[in-house]
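J.: Following is a predicted model, sequence given first.
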Amino acid sequence: MYRRVYLVGFHPHLHRKIRETALDMALPLHFFHALQGNAEPVDSAAAPLDNLLGERLRQSINQFLLGSADWVAFALTSESEVRSLAGEIAVAAAQGKAIVFLHDSGSSASPTCLDQVACYVADDYLQLLTFLGQRSVKVAS
């Protein structure tokens with residue numbers, strides 16, 4: 001049985017690295033990621049409406065993906081990243097999702113709130129995959 005892992009705040013190159021490594025390790029995990037905001041707003045008379053509708057659609061899709069996940073993994077590289085993702089972290093916690101954080105220990109000190117919210121805080125993506133793999137094997141057994 002595959003466990004679904006929703007990745008939030010991860011850069012595209014890390015998405016690929018995580019998926020490839022999980023496949024190489026034969027982990028029973030399926031990864032999907034949050035849709036990012038529109039980088040370039042449409043410039044036309046209908047632009048405000050188009051941008052608003054596009055943003056609402058993106059938010060709806062991300063809410064669906066969050067709701068369907070077994071695990072939610074947040075990439076936190078700085079204190080500002082923690083603040084910018086605080087709303088999504090709160091929604092995941094309110095939905096009773098198992099939350100894990102990937103915190104680059106070399107970038108900054110770990111915010112004190114992480115261990116109060118998360119099941120696990122990993123220092124790199126390999127630690128994250130090892131933890132998720134161990135937990136998934138226990139569930140599948």
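T.: Cool, got the structure. Numbers count the residues shown, from 1 in each chain.
J.: Where does the prediction get shaky in the protein?
T.: Applying pLDDT under 70 to the chain picks out residues 37-47, 105-115, 137-141.
J.: What are the boundaries of the strands in it?
T.: Under the criterion DSSP state E, the chain carries strands at the ranges 3-8, 29-33, 71-76, 98-103, 120-122.
J.: Contact partners for Gly133?
T.: Contacts of Gly133 were listed using C-beta atoms under 8 Å, 6 or more residues apart in numbering, and they are 22, 25, 27-29. No exception for glycine: its C-beta is placed from N, CA and C like everyone else's.
J.: swap that for Val8, please
T.: Contacts of Val8 by C-beta under 8 Å, 6+ apart are 33-34, 72-75, 85, 88.
J.: ok, of these, which one's closest to Leu128?
T.: Of all those, Leu128 sits closest to Ala73, with 6.3 Å by C-beta to C-beta.
J.: If that closest one is in a bridge, with which residues?
T.: Beta-bridge partners recorded for Ala73 (DSSP bridges): Leu7, Val100.
J.: How many residues are close by it?
T.: 28 (other C-beta atoms under 10 Å).
J.: Repeat that for Asn62.
T.: Residues near Asn62, counting by other C-beta under 10 Å, number 18.
J.: hmm, back to that, could you identify the most distant pair in the contacts of Val8?
T.: His33 and Leu85 (13.2 Å).
J.: still on that earlier bit, looking at the contacts of Val8, which has the most residues close by?
T.: Most surrounded of those: other C-beta under 10 Å gives Ala73, at 28 neighbours.
J.: Right, I'll leave it there.
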